[in-house]
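A.B. asks: Would you be able to build a 3D model of this:
(one chain, ligands or ions: 1)
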Amino acid sequence: MPNEGSYEAALRRSNEIQADIDAGKTEKYTMLTGDRPTGRLHLGHYFGTLVERVRLQNLGVKTNVIIADYQVITDRDTTEHIQDNVYNMVMDYLACGIDPAKTMIFTHSAVPAANQLMLPFLSLVSEAELQRNPTVKAEMEASGHSLTGLLLTYPVHQACDILFCKGNIVPVGRDQLPHIEVTSKIARRFNSRFGNVFPEVSGLLTSNPLIPGLDGRKMSKSYGNAISISMTEEETAKLIKKSKTDSERMITFDPDNRPGVSALLTTAGICTGRDPREIADEIGNGGGGALKSYVTEAVNSYFAPIRERRHEFEGDLDYVRDVLADGNKRANAIAEQTLGEVREAMGMSY
Ligand code: TRP
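C.D. replies: Residues are numbered from 1 along each chain as shown. A predicted model of the protein is given here:
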């Protein structure tokens, strides 16, 4: 966790940027964010970040979304199913409202000039700075894998992702702020050593509600508590039905003592725009069964149009491939331009 002072400062900056964007001053902002293609996107991704990406996109911010395929191997040994995961990720994005005419969608591995920024950038950080990054430590512990060189340098390749397209806002949760600090540091150090190429980078702290998994823990595919955007109505119903509530019939919203029941109420609340307590009161003595039917209906009706659009993309893989090829082409042009500026600044134009 960053110290309070820097958190407060980051929050103040983030609020200023949000105010600018809300006031229509979007032209000075370029957003970059992305996901690792390790599986299907779920409701946590949807409400936690996809909705915000679409909002920024539609307000006129330049939006860029990286499918971070190289990051898949930061803490695992295999790239099994990666192509399938990447195409499905594009389908999830498109179904959720990411518009490829406005947002550049691209894969890490297809943009060599962006990856080449890694070399000068690595010279701008010390081993100690990499070693003490809390996100790197947390990821290593969670993976149960030894610390690979790729994971250790993960904040530096995120800096390449953000800076090649001169991204200056990155939507993040509070725990991701240390990453943004590494990127800002790299940008500042590069500019002061070699010349002004990169922008000032800020985290856009998202105030979106955190949606728990069906058991009340963090939503994660590996816990089996995640509803994927791509699930059918039947799969959704089955997963909700299987989720653990408790033996008390009276439904109440009490996240500390009744994590399962409360997670279901939160999920229904977010999909219907209602207060979870009000839903609890309405179900009252109806018990877990009535609660689960309510949640299933809430999730399935919210996602019905999104899933319908997704089916269309599933049937048109050529289109999905074209979207990605076009994004990759645009990303390469931008990355080559930036790498040219970097070489120029470093006196490496031959
Ligand atoms: N690390 C992000 C994830 O785990 C994906 C990602 C890659 C990213 N590069 C980025 C996010 C740059 C923000 C900025 O899903």
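A.B. asks: Now residue 169: phi and psi?
C.D. replies: As for residue 169, its main-chain torsions (degrees, to the nearest 10) stand at phi -130, psi 140.
A.B. asks: what's the average pLDDT for the regular element (helix or strand) spanning residue 290?
C.D. replies: Element membership for residue 290 (DSSP states H and E) is helix 287-314. Regarding helix 287-314, the rounded mean pLDDT is 98.
A.B. asks: Report the buried residues of that helix.
C.D. replies: When neighbours are counted by 16 or more other C-beta atoms under 10 Å, the buried residues of helix 287-314 are found to be 288, 291-292, 294-300, 302-303, 306-307, 310, 313. Glycine gets a C-beta too; all of them are placed from N, C-alpha and C.
A.B. asks: What of stretch 39-49?
C.D. replies: 39-49.
A.B. asks: so which of the residues you listed would you say is closest to residue 63?
C.D. replies: For these, the minimum distance to residue 63 (C-beta to C-beta) is 11.8 Å, reached by residue 49.
A.B. asks: quick one, what contacts the closest one?
C.D. replies: Residues in contact with residue 49, defined by C-beta atoms under 8 Å, 6 or more residues apart in numbering, are 33, 171, 206, 208.
A.B. asks: if you go through the chain in chain order, where are the strands?
C.D. replies: Ranges of strands in the chain, per DSSP state E, are 30-35, 62-67, 103-107, 169-172, 202-205.
A.B. asks: can you tell which of those is closest to the ligand?
C.D. replies: strand 30-35 (4.0 Å; C-beta to the nearest ligand atom).
A.B. asks: Looking at the closest one now, give me its mean pLDDT.
C.D. replies: The predicted model assigns strand 30-35 a mean pLDDT of 97.
A.B. asks: Stretch 254-269 too?
C.D. replies: 96.
A.B. asks: what comes up buried for it?
C.D. replies: Residues of stretch 254-269 classed as buried under the neighbour-count rule (16+ other C-beta under 10 Å) are 258-269.
A.B. asks: Distance to residue 323 for these - can I get that in JSON lines?
C.D. replies: Below are the buried residues of stretch 254-269 laid out as JSON lines (distance: C-beta to C-beta, whole Å):
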{"residue": "258", "distance to residue 323": "43"}
{"residue": "259", "distance to residue 323": "39"}
{"residue": "260", "distance to residue 323": "39"}
{"residue": "261", "distance to residue 323": "41"}
{"residue": "262", "distance to residue 323": "38"}
{"residue": "263", "distance to residue 323": "34"}
{"residue": "264", "distance to residue 323": "35"}
{"residue": "265", "distance to residue 323": "37"}
{"residue": "266", "distance to residue 323": "33"}
{"residue": "267", "distance to residue 323": "30"}
{"residue": "268", "distance to residue 323": "33"}
{"residue": "269", "distance to residue 323": "33"}
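A.B. asks: rewinding a little: need the max-distance pair from the contacts of residue 49.
C.D. replies: Checked with C-beta to C-beta, the contacts of residue 49 reach their widest spread between 33 and 208, with 13.0 Å between them.
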